[in-house]
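Peer 1: pasting a predicted model and its sequence here:
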Amino acid sequence: MERTYQYSEFSEPINCQFTTAPKAGNVDFHLHNSYEIYLLLEGEISYFVEQSCYHMKPGDVIIFTSQEIHKATNLKDTPFTRMVLHINPLFIWQFCTGQTNLLGCFHQHRPGANNRISLSLEQQFLFQTYFHQMEAQSAQESYGTDLRAITALIQLLLMVNECFLNSHDQLPDVYSHRIQPVMAYIDQHLSEALSLESISTACSLDKYYLSHLFKKETESTIFQYILVKRIAQAKELLSLGSSVTEACQQSGFNDYANFIRSFKKVTGYSPGHFKKLNHHSF
């Protein structure tokens with residue numbers, strides 16, 4: 001079961017998904033061109049974010065910026081239910097004030113750290129109320145429905161930010177002590193040539209064991225992790241003003257054509273188009 005609602009009159013700045021399924025929509029490491037708020041309603045999953053892994057139970061919320069790579073893994077054989085909200089930060093900035101930054105919760109943590117909070121029953125009810133209000137308003141075109149949807153979004157963001165501000169840091173459940181150093185090595189050497197042989201040698205592991213271990217721990221391949229991390233770095237470089245050629249070289253792509261093809265496959269845009277959209281759009 002999946003319901004998706006978009007507010008296209010604002011160039012789709014908001015995307016709501018209410019889904020029940022036995023697995024995530026994207027089972028590999030990936031990233032978005034938007035910020036994400038994810039509430040688990042039913043089930044039990046592991047959520048991998050950068051070098052961290054969060055064990056999530058119903059009532060947990062996890063957030064990501066457009067630079068944090070992530071993936072969800074179902075820990076049970078039964079479907080899990082979640083509410084997912086993708087928002088364009090540029091759209092939200094117009095409602096921020098000097099006193100109230102609606103995007104503060106996304107910017108006050110380093111990548112892969114303090115992404116998760118646990119909501120009380122009252123907070124879960126409020127989250128779902130605002131979410132359903134956005135759904136209901138998006139299905140209508142009568143006077144004021146757009147502003148009611150935006151009001152519900154602002155209320156939801158206010159609540160989520162207050163929850164993060166008032167919560168104690170929730171440390172992630174760490175990967176296997178063998179996997180985290182591998183990810184750390186990859187992150188620190190993205191601009192260099194990386195192969196299974198070079199990584200396994202640097203981490204003192206047999207390359208076949210390394211490949212098997214990474215797949216077992218994350219249910220994704222080490223090459224997918226490297227690819228998406230490089231795309232994330234290229235996105236950041238482009239948004240900061242680097243040329244497409246510079247982004248290609250500095251993010252570790254040795255082949256320009258492969259860079260163009262991979263970037264578009266992951267983000268939906270060519271690097272040049274992404275750069276032209278807005279240096280700070282995502």
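Peer 2: The structure has been received and is ready for your questions.

Peer 1: and the most centrally placed residue in the chain, its phi and psi?
Peer 2: Using C-alpha atoms, centre = their mean, the residue of the chain that lies closest to the mean C-alpha position is Phe64, 4.1 Å off. Taking degrees, to the nearest 10, you get phi -140, psi 150 for the backbone angles of Phe64.

Peer 1: now do the one 5 residues further on
Peer 2: Geometry field for Ile69 lists phi and psi as phi -80, psi 150, criterion degrees, to the nearest 10.

Peer 1: helices along the stretch 51-200 of the chain, start to end?
Peer 2: Secondary structure of the stretch 51-200 of the chain (DSSP state H, counting those that start in this stretch): helices at 89-93, 104-107, 121-138, 145-166, 179-188, 196-202.

Peer 1: next, the buried residues of the fourth one.
Peer 2: In this case it means helix 145-166. Going by neighbour count (16 or more other C-beta atoms under 10 Å), the buried part of helix 145-166 is 146, 148-157, 159-161, 163-164. Where you see a C-beta, it was placed from the backbone N, CA and C, and this is true even at glycine.

Peer 1: likewise for the second one?
Peer 2: Across helix 104-107, burial judged by 16+ other C-beta under 10 Å covers Cys105, Phe106.

Peer 1: give me the low-pLDDT residue ranges for this protein?
Peer 2: In the predicted model of the chain, residues 1-12, 168-171, 174-176, 278-282 satisfy pLDDT under 70.

Peer 1: thinking again about what came up before, how about JSON lines for the helices of the stretch 51-200 of the chain, with distance to Ala232 added?
Peer 2: Listed next are the helices of the stretch 51-200 of the chain as JSON lines, based on distance: least, C-beta to C-beta, whole Å:
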{"stretch": "helix 89-93", "distance to Ala232": "16"}
{"stretch": "helix 104-107", "distance to Ala232": "15"}
{"stretch": "helix 121-138", "distance to Ala232": "27"}
{"stretch": "helix 145-166", "distance to Ala232": "22"}
{"stretch": "helix 179-188", "distance to Ala232": "10"}
{"stretch": "helix 196-202", "distance to Ala232": "18"}
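
Peer 1: nearest to Phe259, out of those helices?
Peer 2: helix 179-188 (17.5 Å; C-beta to C-beta).

Peer 1: check which helices and strands that closest one sits against.
Peer 2: On a contact count with 3 or more C-beta pairs under 8 Å, 6 or more residues apart in numbering; DSSP states H and E, helix 179-188 meets helix 196-202, helix 207-218, helix 222-239.

Peer 1: buried residues in the last one?
Peer 2: Spelled out, that is helix 222-239. Using 16+ other C-beta under 10 Å as the burial criterion, the residues of helix 222-239 that qualify are 222, 224-239.

Peer 1: repeat for the shortest one
Peer 2: Within helix 196-202, the residues scored as buried using 16+ other C-beta under 10 Å are Ile199, Ser200.

Peer 1: from Phe80, how far off is the residue lying closest to Lys207 once chain neighbours are set aside?
Peer 2: With sequence-adjacent residues excluded and distances taken as C-beta to C-beta, 6 or more residues apart in numbering, Lys207 is closest to Ser200, at 3.9 Å. According to C-beta to C-beta, to the nearest Å, Ser200 and Phe80 sit 34 Å apart.

Peer 1: ok, now Phe95?
Peer 2: Distance of Phe95 to Phe80, computed by C-beta to C-beta: 31 Å.

Peer 1: more crowded one of these two?
Peer 2: Neighbours per residue (other C-beta atoms under 10 Å) separate Phe95 from Phe80, with Phe80 holding more: 22 against 14.

Peer 1: dig out what that one forms beta bridges with.
Peer 2: Applying DSSP bridges to Phe80 gives these bridge partners: Ala21.

Peer 1: what's the distance between Phe214 and Leu121?
Peer 2: Here the criterion is C-beta to C-beta. By it, Phe214 lies 38 Å from Leu121.
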